[in-house]
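Peer 1: Please find the sequence and the predicted model below.
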Amino acid sequence: MLLKIELGQAGLDKWRQLDTLVSKLPAANISSFGRHLMTIAHISDTHLCDSQSPARLPFTDRYGDPHHPFAAEIGGPVGNYRAQEMLTTQVLDAAVQKINTLTGRYAEQPISLTVVTGDVTDNAQINELAWAKKLLEGGFVRPNSGAKKVFEGPGGEPFDSNYWNPEHADVLDSPKLFYGFPTVPGLLDAAISSFEASGLRMPFIAVHGNHDELLQGTVAVNSELRWRATSDKYPVRLVQDQLFFSLAERFAPIGPAAWPDPADLEFTHCTPDADRAIMPPVEWEMAFGNPKHNVIEHQGFIFVSLNTVNPHGGWDGSLDRPQLYWLEQTLLQFHDRPVILLSHHPLERLKNDYSPLGSTDRVCSEELEEFFSKFSNIVAWLAGHEHRNTLSRVGKENGFWLIETCSLIDWPQEGRVIEFFEDDEDLVIAITMFSHDSPISVLSGKRLAKGFDLSENLVLASLSRQVAANDWQRQTGDTSVQNMEGNANARNVVLRHPKGNLRL
């Protein structure tokens, strides 16, 4: 069982139990599924995070804390800081280790392809992309930037009581004081220590997300922001708290979006690092060997990856008009083949219609839903972005399944195994959730339990998941950890899709 806090009790000294890792698997007779076609894995929103980068705005997150005077007016998480964000590389490594050992629940066939639906990086930086490539392909990972031996991000130096400072029990911060967070000496050193990544043992497709192009997934990069990423000036607070509300208006799901005016910020010194440079658009394609929208044929299925990032700003997505034309031609070309769409944003988050004067117009969800109704060869759409597990049906006569998978940075840090079968009439899609390969808990009270070593990635991944379950801004409302898990109908299920005239 994982442990989870209850809010509203200042000085809480113990985390309560929450058992959500095991869901009931659907009762099904595999003999009724027909012929096995393919087994894939789906993970999303890994958010490999250089949490020490001066191009991030973690200090803005505190205004959404339940004990902050602004919390009621803000009404939910700000989302620019997570207590576990320094452990994202170890979490992905743990997930990769798990995928390498998985077989399908029903056919017991190995994973032949892994799909990663975007926000692979957190802040579109070159070093984050390098970590992603090594973690997915295998190799030596150095998840550190700036100073070689000192962690200069949230929770490290300089001290800030709004962040979880895991190193010293006598150093009180808000997460320890109000929400019962533990003391884990050595955690920050372990978080930035190098390791050899396992790498996936099968092919993978990585889809482009808003955090892979925009600063903190929202702001289009200009020359000033490129300089800020590699500079020695680390923003620590707003000069006046009230400035947060004007900043929030510019930091929004629909563009344009803007960074704070430097005159509104207070800075401290940090160690500069050229590897924090924001990646040029071509870097993504070079890293993974494929363009941002692409067609890949695998075991009889046509995987069509889409680039739903609005490069002009805003964290929600859309397509540009030329890409829609390309998609139409692709769907017509493979009219008798089963198509699986891949994108970072799900259909309902394709609402970012902002396009500056002189740029191509953006195609959003309403037009896309009508567009998709013309095609009968789409069987499924895999997406992320919302950090939640949901399943829904898009369209009626020519409908298909929209499968959204939660993130590897927030609770519950899960992925999906998706098995495909065919019988005489239907394509059968059997879905099973999996968690990364790590212990359920590595804590004893508020300390690391005996027998666990922080030099092991599985221990760090376990701690990350437990901390994510206790995110103090995500205990109530639409973005609560319970909603991110998804209900029983969005987790382990068996779906059916009429085959029609598809050639399998």
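Peer 2: Ah, there it is. Numbering: from 1, shown residues only.

Peer 1: Work out for me the element F420 sits within.
Peer 2: When elements are assigned from DSSP states H and E, F420 belongs to strand 414-422.

Peer 1: and that strand, average pLDDT?
Peer 2: Averaged across strand 414-422, pLDDT comes to 97.

Peer 1: who does that strand touch, helix- and strand-wise?
Peer 2: strand 35-43, helix 88-101, strand 426-435 (3 or more C-beta pairs under 8 Å, 6 or more residues apart in numbering; DSSP states H and E). Glycine gets a C-beta too; all of them are placed from N, C-alpha and C.

Peer 1: ok, and which of these has the densest surroundings?
Peer 2: helix 88-101 (a mean of 25; mean count of other C-beta atoms under 10 Å).

Peer 1: Now the following helix or strand past it: buried residues?
Peer 2: Sequence order places strand 113-116 as the next helix or strand after helix 88-101, per DSSP H and E. By 16 or more other C-beta atoms under 10 Å, the buried positions in strand 113-116 come out as 113-116.

Peer 1: rewinding a little: distance to R62 added to the helices and strands packed on strand 414-422, as TSV?
Peer 2: Shown next, in TSV, are those (distance: least, C-beta to C-beta, whole Å):
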stretch	distance to R62
strand 35-43	30
helix 88-101	21
strand 426-435	30
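
Peer 1: Please tabulate the ones you listed in TSV and include mean pLDDT and distance to P143 as additional columns.
Peer 2: Output for the helices and strands packed on strand 414-422, formatted as TSV (pLDDT from 0 to 100; distance: least, C-beta to C-beta, whole Å):
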stretch	mean pLDDT	distance to P143
strand 35-43	97	18
helix 88-101	97	4
strand 426-435	94	21
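
Peer 1: Looking at these, which is nearest to D264?
Peer 2: helix 88-101 (28.5 Å; C-beta to C-beta).

Peer 1: I'd like the C-alpha coordinates of stretch 300-318 written as PDB, please.
Peer 2: Output of stretch 300-318 as PDB, limited to C-alpha atoms (Å, rounded to 0.1, in the frame of the first residue of the first chain):
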ATOM      1  CA  GLY A 300      -0.200  -4.800 -39.600                       C
ATOM      2  CA  PHE A 301      -1.200  -1.600 -37.900                       C
ATOM      3  CA  ILE A 302      -0.500   2.000 -39.200                       C
ATOM      4  CA  PHE A 303       0.700   4.300 -36.400                       C
ATOM      5  CA  VAL A 304       0.200   8.000 -37.300                       C
ATOM      6  CA  SER A 305       2.000  10.400 -34.900                       C
ATOM      7  CA  LEU A 306       0.700  14.000 -34.900                       C
ATOM      8  CA  ASN A 307       2.400  17.200 -33.700                       C
ATOM      9  CA  THR A 308      -0.300  18.900 -31.700                       C
ATOM     10  CA  VAL A 309       2.000  21.600 -30.200                       C
ATOM     11  CA  ASN A 310       1.000  25.200 -30.900                       C
ATOM     12  CA  PRO A 311       4.500  26.700 -31.400                       C
ATOM     13  CA  HIS A 312       3.200  30.200 -30.700                       C
ATOM     14  CA  GLY A 313       2.500  29.600 -27.100                       C
ATOM     15  CA  GLY A 314      -0.100  28.200 -24.700                       C
ATOM     16  CA  TRP A 315      -0.100  24.700 -23.200                       C
ATOM     17  CA  ASP A 316      -3.200  23.300 -25.000                       C
ATOM     18  CA  GLY A 317      -2.800  22.100 -28.600                       C
ATOM     19  CA  SER A 318      -4.000  22.200 -32.200                       C
END
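
Peer 1: now the strands for the stretch 201-350 of the chain?
Peer 2: 204-206, 233-238, 265-269, 294-298, 301-305, 319-320, 339-342 (DSSP state E, counting those that start in this stretch).

Peer 1: right, so of these, which gets closest to R226?
Peer 2: Here strand 233-238 is closest among these (C-beta to C-beta), at 13.7 Å.

Peer 1: OK, contacts around T432?
Peer 2: Neighbouring residues of T432 by C-beta atoms under 8 Å, 6 or more residues apart in numbering: 25, 104-105, 416-417, 419, 492.

Peer 1: what does I74 give?
Peer 2: Contacts of I74 by C-beta under 8 Å, 6+ apart are 63-64, 248.

Peer 1: which of those residues has the weakest pLDDT?
Peer 2: Checked by pLDDT, these have A248 as the lowest-scoring entry (92).

Peer 1: residues touching it, list them.
Peer 2: When contacts are counted by C-beta under 8 Å, 6+ apart, A248 is found next to I74.

Peer 1: Filter the contacts of I74 down to the ones in helices?
Peer 2: Among those, the ones falling in helices (DSSP state H) are A248.

Peer 1: Among the contacts of I74, pick out the one closest to S392, please.
Peer 2: Minimum distance to S392 across the contacts of I74 is 27.9 Å, recorded for G64 (C-beta to C-beta).

Peer 1: Please give the number of neighbouring residues around that closest one.
Peer 2: G64 has 22 neighbours, counted by other C-beta atoms under 10 Å.

Peer 1: Distance check, it against T476.
Peer 2: 12 Å (C-beta to C-beta, to the nearest Å).

Peer 1: same question, I429
Peer 2: For I429 relative to T476 (C-beta to C-beta), the value is 33 Å.

Peer 1: repeat for V184
Peer 2: According to C-beta to C-beta, V184 stands 26 Å off from T476.

Peer 1: sorry, back to before: reformat the contacts of I74 as CSV; add distance to Q323.
Peer 2: Below are these laid out as CSV (distance: C-beta to C-beta, whole Å):
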residue, distance to Q323
Y63, 36
G64, 34
A248, 30
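
Peer 1: what is R447 paired to in the beta sheet?
Peer 2: S444 (DSSP bridges).

Peer 1: so where do the helices sit in the stretch 251-400 of the chain?
Peer 2: Secondary structure of the stretch 251-400 of the chain by DSSP state H, counting those that start in this stretch: the helices cover 281-288, 321-333, 365-372.

Peer 1: I'd like those helices as TSV, with mean neighbour count, distance to N294 and mean pLDDT appended.
Peer 2: Below are those laid out as TSV (neighbours: other C-beta atoms under 10 Å; distance: least, C-beta to C-beta, whole Å; pLDDT from 0 to 100):
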stretch	mean neighbour count	distance to N294	mean pLDDT
helix 281-288	16	9	86
helix 321-333	14	10	97
helix 365-372	16	18	96
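
Peer 1: Contacts only, for the closest residue to Q413 other than its chain neighbours.
Peer 2: In space, and not counting its chain neighbours, Q413 is closest to R465: 4.8 Å by C-beta to C-beta, 6 or more residues apart in numbering. Contact partners of R465, counting by C-beta under 8 Å, 6+ apart, are 2, 84, 91, 411-413, 435-436, 438.

Peer 1: What are the phi and psi values at R465?
Peer 2: The phi and psi values for R465, taken as degrees, to the nearest 10, are phi -60, psi -40.

Peer 1: Distance check, it against A95.
Peer 2: 11 Å.

Peer 1: what sits in contact with each of these two?
Peer 2: Counting by C-beta under 8 Å, 6+ apart, the residues touching both R465 and A95 are 413, 436.

Peer 1: any idea whether N489 is helix, strand or coil?
Peer 2: With DSSP: H, G, I helix; E, B strand; the rest coil as the basis, N489 sits in helix.

Peer 1: thought it was touching L391?
Peer 2: Yes - counting by C-beta atoms under 8 Å, N489 touches L391, with 6.8 Å between them.

Peer 1: Tell me which stretches of the stretch 51-200 of the chain form helices.
Peer 2: Counting by DSSP H, counting those that start in this stretch, the helices of the stretch 51-200 of the chain are 71-74, 88-101, 126-137, 174-179, 187-191.

Peer 1: Run through who's touching stretch 287-302.
Peer 2: By C-beta under 8 Å, 6+ apart, stretch 287-302 touches 37-38, 112-113, 129-130, 132-133, 203, 205-206, 208, 284-285, 303-307, 309, 323, 326-327, 330, 334, 337-340, 420, 504.
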